[in-house]
Structures are given as structure tokens and as C-alpha cells.
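S.K.: Provide a 3D model corresponding to the input given below.
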Amino acid sequence: MVDILGKALLDYQSGNYTEDIKTYSSLDEEDSVPLPYLFRDFDEMPFLEQKALELTEGKVLDIGCGAGNHTLYLQKKGFEVTALDASKGAIEVCKKRGVKSSVHSSFLDYNSSKFDTLLLLMNGIGLAGKLGHLHAFLNHLKSLLLPNGQILLDSSDIIYMFEQDEDGGFWVPNNDNYYGEVTFVMEYKRQKSQAFDWLYIDFTTLQNACIALDFDCELVSEGEHYDYLAKLSLKS
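M.R.: Model prediction:
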């Protein structure tokens with residue numbers, strides 16, 4: 001399997017930046033991911049990411065760490081942080097940038113330790129892929145939490161991407177799939193990834209899934225465009 005993200009991150013890290021990652025989605029949208037954005041520091045991060053980092057406590061697992069921006073920030077603050085990513089190239093970049101503890105693994109295959117804070121930023125909950133996989137994904141998160149631990153995640157309600165009628169309702173395709181389920185392909189330097197599923201989840205749907213699994217689900221903050229930061233913790 002081609003490690004598109006890792007290849008692009010390694011190029012940027014080594015000063016070989018010539019193009020960005022292109023993305024193609026099932027929403028019929030072509031977009032790009034600017035590589036410099038994947039190397040941003042705290043001041044360049046969106047407010048919701050900054051807020052999550054400010055709420056971080058104890059021993060931390062940065063899930064889907066990418067180039068390690070959140071890990072490096074917390075590391076400088078004195079936190080014990082482990083950066084985890086399924087991209088081998090991303091983990092190589094983390095090491096080159098000074099991340100002390102990193103793991104190359106898919107999230108669902110990781111079970112080596114427990115943490116006070118699990119970070120799922122840049123819509124890390126998207127790794128669940130589909131709404132039908134969310135319970136298993138949340139259960140695995142639960143298995144990695146220390147007592148009194150927390151999960152901090154941001155996501156978006158992408159209902160705004162669908163057409164709106166005069167009454168304010170949205171035209172969502174009636175195909176039995178949750179509207180936040182999106183399939184992506186990434187392209188970089190004429191190489192394409194395999195298609196992968198990615199989940200965007202509205203807060204109410206997340207909250208309902210959490211209730212079924214004995215999680216408290218708190219809406220911490222809302223962004224400017226249907227995005228939000230949530231805090232999950234185990235009911236005492």
C-alpha cells in the first residue's frame with residue numbers, strides 16, 4: 001500500500017516541497033491539503049485544537065499524529081506523550097522533528113498502554129470510517145483510558161455540504177448511509193492511495209453513541225463552521 005501521507009511529509013521535512021496532496025471524495029469534491037499546514041505550530045492551529053491542547057492532562061496518546069505538531073507542543077510543556085500513526089513516513093518525520101516516543105501502528109491494533117488523555121484532533125474520529133464502526137472504535141478508546149481519563153476530539157457536521165431548500169431543510173441522499181460517511185482518495189506526485197472511509201460526525205449522533213457506552217459526552221466549544229470540540233469521559 002502506498003504511504004501517500006508519509007511520502008509527502010518526508011519530502012517537506014527534507015526541504016523537497018514542490019506540490020501539495022490532492023484529495024478526491026465521494027462528495028464529488030476535489031481539494032488539496034497544503035503541506036505547510038501539516039507542519040503548523042500552536043499559533044497557527046485552529047482555536048479548537050488550541051483549546052484541546054490546553055485541556056490536556058497527564059499521560060497522553062496523540063492518535064493519528066501526522067507530523068507530530070500536537071505531540072511536540074505538549075512535549076515542550078513537559079507532558080509524557082506518545083505519537084501514534086499508521087503512516088510509517090509520518091512516524092519517521094516525528095522522529096526527525098524530535099518526538100521522543102512514537103508508535104507505527106493502526107489505532108485498532110494498538111493496546112500497549114493506558115493514558116490520561118487520548119487526542120483525536122483534525123477529525124481523528126474519522127478513523128472509525130463508518131457510523132456502524134463507531135461503537136467498536138469507542139470501545140477501543142475506552143480500553144486505553146486510565147481511571148478518570150478523557151478523550152478530546154474535534155469533528156464537523158458536514159450537513160452544510162448538501163443543498164438547502166427554502167424551509168431551511170437539507171437535501172441528503174436517501175441511500176441508507178449516514179451523511180457524514182465519506183470515501184477519500186489521496187494523490188501525491190502522480191501516485192494515488194487506495195480509497196479509504198472517513199467519518200464526520202455531528203455532535204448529537206456522537207452523544208447518542210456515547211450514552212449507549214456509558215461515556216459522558218460534553219460539548220466543550222464550537223467553531224465558526226459546523227465544527228466542534230468534545231470531551232468524552234467514563235461515567236463514574
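
S.K.: now L121: how far from G58?
M.R.: According to CB to CB, to the nearest Å, L121 stands 17 Å off from G58. Backbone N, C-alpha and C define where each C-beta goes, glycine included.

S.K.: mind checking which of these two has more residues around it?
M.R.: A count of neighbours by other CB atoms under 10 Å puts L121 above the other of L121 and G58, at 24 against 13.

S.K.: ok, the more buried one touching L153?
M.R.: Yes. Assessed by CB atoms under 8 Å, L121 is found in contact with L153 at 7.3 Å.

S.K.: anything in contact with each of those two?
M.R.: The contact sets of L121 and L153 do not overlap (CB atoms under 8 Å, 6 or more residues apart in numbering).

S.K.: ok, then the element right after the longest strand seen in the chain?
M.R.: Ranked by residue count under DSSP state E, the longest strand found in the chain is strand 145-156. Going down the chain from strand 145-156, the next helix or strand is strand 181-188, by DSSP states H and E.

S.K.: by contact count, what packs against that following strand?
M.R.: Helices and strands touching strand 181-188, by 3 or more CB pairs under 8 Å, 6 or more residues apart in numbering; DSSP states H and E, are helix 4-13, strand 21-25, strand 196-199.

S.K.: what strands line up against it, and which way round?
M.R.: Sheet partners assigned to strand 181-188 using DSSP bridges are listed as strand 21-25 (antiparallel), strand 191-192 (antiparallel), strand 196-199 (antiparallel).

S.K.: Y12 is nearest to which of the ones you listed?
M.R.: Across the strands paired with strand 181-188, Y12 has its closest neighbour in strand 21-25 (10.2 Å, CB to CB).

S.K.: pLDDT on the closest one, on average?
M.R.: Averaging pLDDT along strand 21-25 yields 96.

S.K.: and it, how far out from the chain's middle?
M.R.: Its chain's C-alpha centre and that of strand 21-25 lie 16 Å apart, by CA atoms, centre = their mean, to the nearest Å.

S.K.: that strand: what's the following helix or strand?
M.R.: The element immediately downstream of strand 21-25 (helix or strand, assigned by DSSP H and E) is strand 30-33.

S.K.: residues of that following strand that come out buried?
M.R.: Going by neighbour count (16 or more other CB atoms under 10 Å), nothing in strand 30-33 comes out as buried.

S.K.: what residues does the helix or strand following it touch?
M.R.: Next in sequence after strand 30-33, counting helices and strands by DSSP H and E, comes helix 47-55. Applying CB under 8 Å, 6+ apart, the contact partners of helix 47-55 are 42, 45, 70, 73-74, 119, 121-122, 150, 152, 154, 220-221, 223, 227-229, 231.
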